[in-house]
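[1] This is the structure alone, sequence omitted:
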């Protein structure tokens, strides 16, 4: 049978530990509330400055102006998605990410599109078929592309699938559907490429056909390639 006196002494000995645990719990709760208030509502962690990375000069200024970042609000309350949505209409932006730079900065990281062809009006066209105004002069000569909608997307899909040795021979791409992409080579010859499917086989076939002088090469069905108006 347990001695009541011993049991009472044990409880008294444990009482300070219980009080310490209670105080620790209260302290953690109060600290969490204080930190939450400081992060979400106080002026200690507000958005005071905006910086744009990935582009410079006038392009960075355009991004900052379009972003309309609300200054003076707590960073935790900043609606990053709304800022990214406001930048969506800028066509030369490929990717954008809004980051919180604690304690007071908003960082807008921008990746500009890279043109791999030129539209008839001189605009750049990227690999996915987006037409935009490049933010920097195009360093290397690029092929031209004619097409809209699915035709333009198909043409750019073909261009990106071409091996480097064939891509550098292309002067113009055109298409009205996904299946009738045509290439005009710098030599003046035309290549009826068709769709982007079987790109590797078509590349092998056109390499072999180009050894024969012709005005038109058709590799749209690479198992049955043809040439037209061959030159003797």
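    Good, I have the coordinates. The structure displayed is predicted, hence computed values, not measured ones.
[2] how near is residue 71 to residue 105?
    Going from residue 71 to residue 105 by C-beta to C-beta, to the nearest Å gives 11 Å. Backbone N, C-alpha and C define where each C-beta goes, glycine included.
[3] Between the two, which contacts overlap?
    Common neighbours of residue 71 and residue 105 (criterion: C-beta atoms under 8 Å, 6 or more residues apart in numbering): 47-50.
[4] which one of those residues is nearest residue 131?
    Closest to residue 131 out of these is residue 50 (28.5 Å), distances taken as C-beta to C-beta.
[5] pLDDT weak spots in this protein?
    The chain contains residues with pLDDT under 70 at 1-45, 230-232.
[6] at 50 instead, please
    Scanning the chain for pLDDT under 50 picks out 30-35, 37-42, 232.
[7] Report the buried residues of stretch 195-210.
    Neighbour counts over stretch 195-210 (16 or more other C-beta atoms under 10 Å) mark 195-196, 198-199, 202-203, 205-206, 209-210 as buried.
[8] Give me the subset of those residues lying in helices.
    If you go by DSSP state H, the buried residues of stretch 195-210 have 199, 202-203, 205-206, 209 in helices.
[9] Do a quick rundown of the strands in the protein.
    Using DSSP state E, the strands of the chain run over 49-53, 93-101, 105-112, 117-118, 124-125, 131-132, 144-146, 170-174, 181-185, 190-194, 214-218, 226-230.
[10] I'd like to know which elements the longest one is packed against.
    The helices and strands touching strand 93-101, judged by 3 or more C-beta pairs under 8 Å, 6 or more residues apart in numbering; DSSP states H and E, are helix 57-67, helix 80-87, strand 105-112.
[11] and these, which is most packed in?
    Ranked by mean neighbour count, those are led by strand 105-112 with a mean of 18 (mean count of other C-beta atoms under 10 Å).
[12] Show me the contact partners of stretch 77-92.
    By C-beta under 8 Å, 6+ apart, stretch 77-92 touches 40, 47, 59, 62-63, 66-70, 93, 96-100, 106, 108, 110, 112-113, 124, 130-135.
[13] ok now do residue 216, which residues does it touch?
    Applying C-beta under 8 Å, 6+ apart, we find residue 216 in contact with 189-192, 227-229.
[14] if you set the cut-off to 6 Å instead, what comes out?
    Residues near residue 216 by C-beta atoms under 6 Å, 6 or more residues apart in numbering: 190, 228.
[15] Relative to residue 181, how far out is it?
    Per C-beta to C-beta, residue 216 is found 14 Å from residue 181.
[16] how close does residue 54 sit to residue 131?
    Distance of residue 54 to residue 131, given as C-beta to C-beta: 21 Å.
[17] Can you spell out the domain ranges of this structure, please?
    1-42, 49-112, 117-230 (automatic domain parsing).
[18] okay but residue 71 is in contact with residue 49, surely?
    No: using C-beta atoms under 6 Å, residue 71 is not in contact with residue 49, being 7.8 Å away.
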